[in-house]
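Asks: sharing a model that was predicted from the sequence below.
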Amino acid sequence: MDIVYISDLKVSTVIGIFDWERRIRQTVSLDLEMATDIRRAAASDQIDDALDYKSIGKRVIAFIEESEFQLVETLAEKVAQMVREEFGVSWLKLRLSKPGALRGSRDVGVIIERGERG
């Protein structure tokens, strides 16, 4: 199993449980590791044979920007589900953090894994 990853993708969204959070946009940060086999892409040197991180990144950004979930747990689960279904990813690990959510902490969030490691 090989890994294609996106690191520290920052996206502005509506997220949170408090009334004031529902009226503003906050930045979340996402790390995404996705299982794939890069051998075919490496041999052909063609993007059509690769797990296209640019396409995935653009789709994740659009999805998060349009979302208005209360919990980072829900957002993480929905992003993972979308990536697996739309891009045929069998396994992924996703870290979603909300910078500044806890005073004295750089960030807080969740790390989830979904699917079977190949």
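Replies: Nice, thanks for sending it over. Residues are numbered from 1 along each chain as shown.
Asks: any low-confidence regions in this protein?
Replies: Residues of the chain meeting the criterion pLDDT under 70: 118.
Asks: let's go with 80 and repeat that
Replies: In the predicted model, the chain carries pLDDT under 80 at residues 117-118.
Asks: remind me, longest helix of it?
Replies: Across the chain, the longest stretch assigned as helix under DSSP state H is helix 72-87.
Asks: ok, then the element right after that helix?
Replies: Next helix or strand after helix 72-87 toward the C-terminus (DSSP states H and E): strand 91-99.
Asks: what helices and strands are in contact with the next helix or strand along the chain from that next one?
Replies: Under the assignment DSSP H and E, the closest C-terminal helix or strand after strand 91-99 is strand 107-115. Counting contacts by 3 or more Cβ pairs under 8 Å, 6 or more residues apart in numbering; DSSP states H and E, strand 107-115 packs against strand 26-36, helix 72-87, strand 91-99. Heads up, the C-betas are built off the backbone N, CA and C, glycines and all.
Asks: check which residues of the longest helix of the chain are buried.
Replies: For helix 72-87, a neighbour-count test (16 or more other Cβ atoms under 10 Å) marks 72, 75-77, 79-80, 83-84, 87 as buried.
Asks: nearest to Ile111 among these?
Replies: Set against Ile111, the nearest of the buried residues of helix 72-87 by Cβ to Cβ is Ala76 (8.3 Å).
Asks: surely that closest one meets Arg114?
Replies: No: Ala76 lies out of contact with Arg114 (Cβ atoms under 8 Å); the separation is 9.5 Å.
Asks: find the residues that touch each one of the two.
Replies: Shared contacts of Ala76 and Arg114 (Cβ atoms under 8 Å, 6 or more residues apart in numbering): Leu94.
Asks: next one: the closest residue to Glu86 other than its chain neighbours from Ala76, what distance?
Replies: Closest residue to Glu86 in three dimensions, ignoring its sequence neighbours and counting by Cβ to Cβ, 6 or more residues apart in numbering: Arg59, at 6.6 Å. Separation of Arg59 from Ala76 (Cβ to Cβ, to the nearest Å) stands at 15 Å.
Asks: same question, Asp19
Replies: Counting by Cβ to Cβ - Asp19 and Ala76 are separated by 23 Å.
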